[in-house]
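> The following block contains a protein sequence and its predicted model.
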Amino acid sequence: MFKLPACKVGAVTGAGGAIGRATALAFAAESASATVSDINADAGYESLDAICSAGGQALAVVGAISMADFSQSLVARTVAHFAGPDSAFNNAGIVDEGGYLWSEDAFLDTLNVDLLGIMLGIKYQVPEMRKRGGGTIVNCSSVTGLVSQSGPPYQPTRAASIQLSVSPRRPRFDMRGKASASIEYVPV
């Protein structure tokens, strides 16, 4: 079973869905504050209310993680409200049910949310975690990234998200140093 990293502040994208909400509530149960993010405002605020009702502290931020300005703002608002993230769970994702009959727009939407969203999260989370002395980033993936189970465009984005999680460990992306940020993936 996956154990949450020790932290004071956790940031969760896709926090309006089942996995994201459960993770945000788990952060709160461990006495960590949580920034919850979702493109669906109602779902995001439901997660915020659930955390606050359980006695936790949370901030809801609504927007699209596939947009660089939003991803940067999400981290900046976490810093302004809670002094920064110690942990991040890049969980937001979509599945195009069209299978092999997808359109270019559906393909690009899936690519932007499921892969670009993770890259932008890492890009803006790591510098703030370094300032705090380190942190942990977990990128949600899927078993379809390891074993062929579904069709494009979801499967290739899940495989690429695994590689995106592993590549910062290579020497040219070395983040160990004095203040580190570890990046992991969790296939669900």
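It's in.

> Return the set of buried residues in stretch 126-141.
126, 128-130, 132, 134-141 (16 or more other C-beta atoms under 10 Å). All C-beta atoms are positioned from the backbone trio N, CA, C, and that covers glycine.

> between those residues, which is closest to residue 61?
Comparing the buried residues of stretch 126-141 against residue 61 with C-beta to C-beta places residue 128 closest, at 14.5 Å.

> what about the closest one, distance to residue 44?
As judged by C-beta to C-beta, to the nearest Å, residue 128 and residue 44 stand 21 Å apart.

> and what of residue 19?
14 Å.

> who's more crowded, those two?
The neighbour count for residue 19 versus residue 44, taken as other C-beta atoms under 10 Å, is higher for residue 44 (26 against 17).

> surely the more buried one meets residue 17?
No: taking C-beta atoms under 8 Å as the definition, residue 44 is not a contact partner of residue 17, at 9.9 Å.

> hey, what's in contact with both of those two?
Taking C-beta atoms under 8 Å, 6 or more residues apart in numbering as the contact rule, residue 44 and residue 17 both touch residue 38.

> Which of the buried residues of stretch 126-141 fall in strands?
134, 135, 136, 137, 138, 139, 140, 141 (DSSP state E).

> just the strands in this structure please.
9-13, 33-38, 58-62, 87-90, 134-141, 180-187.
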